[in-house]
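Asker: just coords:
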């Protein structure tokens, strides 16, 4: 897993601008990645996922890019809205035993949308 | 459809006390998990249950026990709480499938150990 600290990286963007949140992962054998959004006082919520055989995947207003060479993920949010303010985590999703999956989380990025 | 439900949402314990966090999911998922989240950090896996009748240790299992009561319910027990167990605890569940491994999380249980 990744090292973690007490202070989250932060990103502030103006409402309407695009946001790019970056994440470095550690396990070169990881084959599946997920981005989660966590609002204050709530559990993480799925945003978008990508398999290791893809470089890019698009959802509604969100795009995930995967660069396996440098073990890097990014989440792009188009036309950022106040409701996008949250902590964003990338997670490596790998098999455990049976049907279980192991999520290894990064330390997260706090996104703040400015009016 | 409630998804993943955790109780209690808040709890304060004294060092050495015991308690059980309850978790239930109504999505017919096979796998269930318990994570803890400390300030400024990502979630760390405590225990998981790949299917009914099985439980296994995750990254940080010391000081905890779990019970997979049935397919719906997965409880986390602290036998003798310590201040280091002050954290927010999240239960999660997932469906079967290699590339459908999205985890669904509950709202969290905030535990303070004095």
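Answerer: Alright, I've got the coordinates. Please read all numbers here as calculations on a predicted model, not as lab measurements. Numbers count the residues shown, from 1 in each chain, chains lettered A, B, ... in the order given.
Asker: what's around the residue lying closest to residue B:53 once chain neighbours are set aside, how many residues?
Answerer: Distance criterion C-beta to C-beta, 6 or more residues apart in numbering or on different chains; nearest residue to residue B:53, sequence neighbours excluded, is residue B:68 at 6.6 Å. Yep, even glycine has a C-beta here, placed from its N, CA and C like the rest. Residues lying near residue B:68 (other C-beta atoms under 10 Å in any protein chain shown) number 20.
Asker: how far away is residue B:68 from residue B:48?
Answerer: Separation of residue B:68 from residue B:48 (C-beta to C-beta, to the nearest Å) stands at 10 Å.
Asker: shared neighbours, the two?
Answerer: Common contact partners of residue B:68 and residue B:48 (C-beta atoms under 8 Å, 6 or more residues apart in numbering or on different chains): B:32, B:55.
Asker: Start from the N-terminal end of chain A and give the strands.
Answerer: Secondary structure of chain A by DSSP state E: the strands cover A:10-14, A:19-24, A:32-38, A:45-51, A:56-58, A:62-67, A:72-77, A:86-95, A:101-105, A:109-114.
Asker: Turn these into TSV, columns for mean pLDDT, distance to chain B and mean neighbour count.
Answerer: Output for the strands of chain A, formatted as TSV (pLDDT from 0 to 100; distance: least, C-beta to the nearest C-beta, whole Å; neighbours: other C-beta atoms under 10 Å in any protein chain shown):
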stretch	mean pLDDT	distance to chain B	mean neighbour count
strand A:10-14	94	11	13
strand A:19-24	94	10	17
strand A:32-38	93	6	23
strand A:45-51	93	5	17
strand A:56-58	97	12	13
strand A:62-67	96	14	18
strand A:72-77	96	14	19
strand A:86-95	88	5	22
strand A:101-105	81	3	23
strand A:109-114	95	9	17
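Asker: tell me the phi and psi of the residue nearest to residue B:53?
Answerer: Here is the backbone geometry of residue B:68 (degrees, to the nearest 10): phi -90, psi 100.
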